[in-house]
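**Q** Curious how this folds, go ahead:
(one chain, ligands or ions: 1)
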Amino acid sequence: MTGPRLTVRDDLTSVEAYVSPQQPARYRMNTNESPYAPPPELVSEVAREIEDIAFNRYPDRDATDLYEAMSEHLEWPREGLWIANGSNEVFMHLFLGFGGPGRSVMLFEPTYPLHSLIPTIASTTVMGLPRAGDFTIDLDAAVDAIRRERPEIVVVCSPNNPTGGCEPLGTVRALLAEAPGLVVVDEAYIEFARPEESVRGLLDEHDNLVLVKTFSKAWRLAGVRIGYMLAHPALVSELARVRLPYHLSAPTQVVGRAALRHAARTLELVRDIAEERDRIALALQAMGILTYPSSANFVLFEVDDPPLVWRDLLERGVLVRSYPGHPRLARCLRVTAGRREESDAFLAAMREVACD
Ligand SMILES: Cc1ncc(COP(=O)(O)O)c(C=O)c1O
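**A** Model (predicted):
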C-alpha cells in the first residue's frame, strides 16, 4: 500500500489531538464530571420515550420542543438560544461562524485547552495572554492587548478550568467595553459558584456578550452531549449557517427535555458537591498544601513532585489530573469534588503520599 496522496492542512501539522487520559481507577476524580448518575425518574422517562422514537426518520431539525423547554427554563427568548452537542460544539459553531482565516481570538492562559484547539481547527489565530500570579485576568494587560491586537473574539472562562476562580464582573464589563467584537464567557461550572458570580445579568445590557453553558457538569449528563449558549438573537441566527443538518439526535432531544422537566432533582446535589470541594481545600491546607480558591467542582493544588504524587495516588485507586509540560502548572494537580467517600479516599491517600 502506498502512502496517502494528501497531507493534512499545513496549519494543523503542529496540532496534537486532544486526549484526556482515561485510566481505570476506583475513584475517577480527573475530568470534572459528576459522580452521580441522573435521577432514576429521569432515566426511566427517557427509556420509555426512546422506545417511541422513529429511528428510521431524521429527528426534528429545529429541536422545537427542546428549544421551547430550554427557553422557558432559562427565561430567555428562544431566538437568543443555541443548543449543540456539548459546549465544545457550541464553540466550534462560534468559531466557524465568527472566527476563521484572518481573524483572531484572545484568551487567558492557563485555561481550558479546547478554547485554543477549537479556534485553531477553525483556522483562527490564537493569542494567549498569561494570567496574573493568582490566576485572575490581568485587566490592564488585557485592555492593552485588546487595543493593540483588536481580536474579533475574547474568551473568558469563569470559573476558570483548571484554576477554579471566577472572574470579577468588573473585569468582564471592562472587556465588553474594550472588545471590538464578541466576548464569550464559558460558565461550564457556574452552578457550583455563588449566583452573583455569573455574568448572566449582563446579557440584557451587552449585545456583544455570549454566554456558553453545559449539561455535562452540574446536570450530570456528560455522556449525552448537550451544551448551549445565550446571546443576542442576531448573533444566534448566523450560526444556522455552520451547523450540520439534524445535529441534535432524537435521543439527545429526548434526554434534554427530560432533564429540564426534572431540573430541580437533577441539580439538587450541586450544593453537596460544592461543600465537598471546600472540605477538600481546607483539608489540603491543613496538610500545609497550597490550594487555589475554587468556585467550580474541583480544586487545583500544588505539590513538590506532581508526577510522583499522581502515581502514588493512582496506586491507591485515586485518579487526579496532572499537567506535565505545562510551564504555569508544573507544580499543580487538580482533583474533582464529588461524593463524600471519594473525598475521604483522596484525602487519606494524600496524607500518606504528601505528608511523610
Ligand atoms: C471550561 C469548560 N468548558 C467546556 C467543557 C466541555 O463541556 P461539554 O462537555 O459541554 O463539551 C469543559 C469540560 O471539561 C470545561 O472544562
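**Q** Strands along this structure, start to end?
**A** Assigned by DSSP state E, the strands in the chain fall at 27-28, 81-84, 104-109, 125-130, 153-157, 182-186, 209-214, 227-230, 298-302, 318-319, 321-322, 332-336.
**Q** For residue 269, which of those is the nearest?
**A** strand 332-336 (13.6 Å; C-beta to C-beta). Glycine gets a C-beta too; all of them are placed from N, C-alpha and C.
**Q** Just checking the closest one against the ligand, any contact.
**A** No. With C-beta under 6 Å from any ligand atom as the criterion, the ligand is not reached by strand 332-336; the gap is at least 9.8 Å.
**Q** Does that strand pack against any helices or strands, and if so which?
**A** Where contact means 3 or more C-beta pairs under 8 Å, 6 or more residues apart in numbering; DSSP states H and E, strand 332-336 is packed against strand 298-302, helix 306-315, strand 321-322.
**Q** want to try CSV for those, with mean neighbour count as columns?
**A** Below are the helices and strands packed on strand 332-336 laid out as CSV (neighbours: other C-beta atoms under 10 Å):
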stretch, mean neighbour count
strand 298-302, 25
helix 306-315, 17
strand 321-322, 22
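**Q** Out of the ones you listed, flag the one nearest residue 35.
**A** Nearest of the helices and strands packed on strand 332-336 to residue 35, taken as C-beta to C-beta: strand 298-302 at 12.2 Å.
**Q** Now do that closest one and helix 306-315, the angle between them.
**A** Taking axes from the mean of the first three to the mean of the last three C-alpha atoms, to 10 degrees, one finds that strand 298-302 is oriented at 130 degrees with respect to helix 306-315.
**Q** ok, strand 298-302 near the ligand or not?
**A** No. Strand 298-302 stays clear of the ligand (C-beta under 6 Å from any ligand atom), getting no nearer than 9.0 Å.
**Q** Show residues contacting that strand.
**A** Strand 298-302 has contacts (C-beta atoms under 8 Å, 6 or more residues apart in numbering) with 32, 161-164, 189, 277, 280-281, 284, 289-292, 294, 329, 331-337.
**Q** Drop the exposed ones from those residues and show what's left.
**A** Neighbour-count burial (16 or more other C-beta atoms under 10 Å) applied to the contacts of strand 298-302 gives 32, 161-164, 189, 277, 280-281, 284, 289, 291-292, 294, 329, 332-337.
**Q** if we can go back for a sec, mind putting the helices and strands packed on strand 332-336 in JSON lines, mean pLDDT included?
**A** Shown next, in JSON lines, are those (pLDDT from 0 to 100):
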{"stretch": "strand 298-302", "mean pLDDT": "98"}
{"stretch": "helix 306-315", "mean pLDDT": "96"}
{"stretch": "strand 321-322", "mean pLDDT": "96"}
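**Q** so what's the nearest residue to residue 110 once chain neighbours are set aside up against?
**A** In this structure, residue 110 finds its nearest non-sequential neighbour in residue 328, 5.0 Å apart by C-beta to C-beta, 6 or more residues apart in numbering. Counting by C-beta under 8 Å, 6+ apart, residue 328 makes contact with 109-110, 130-131.
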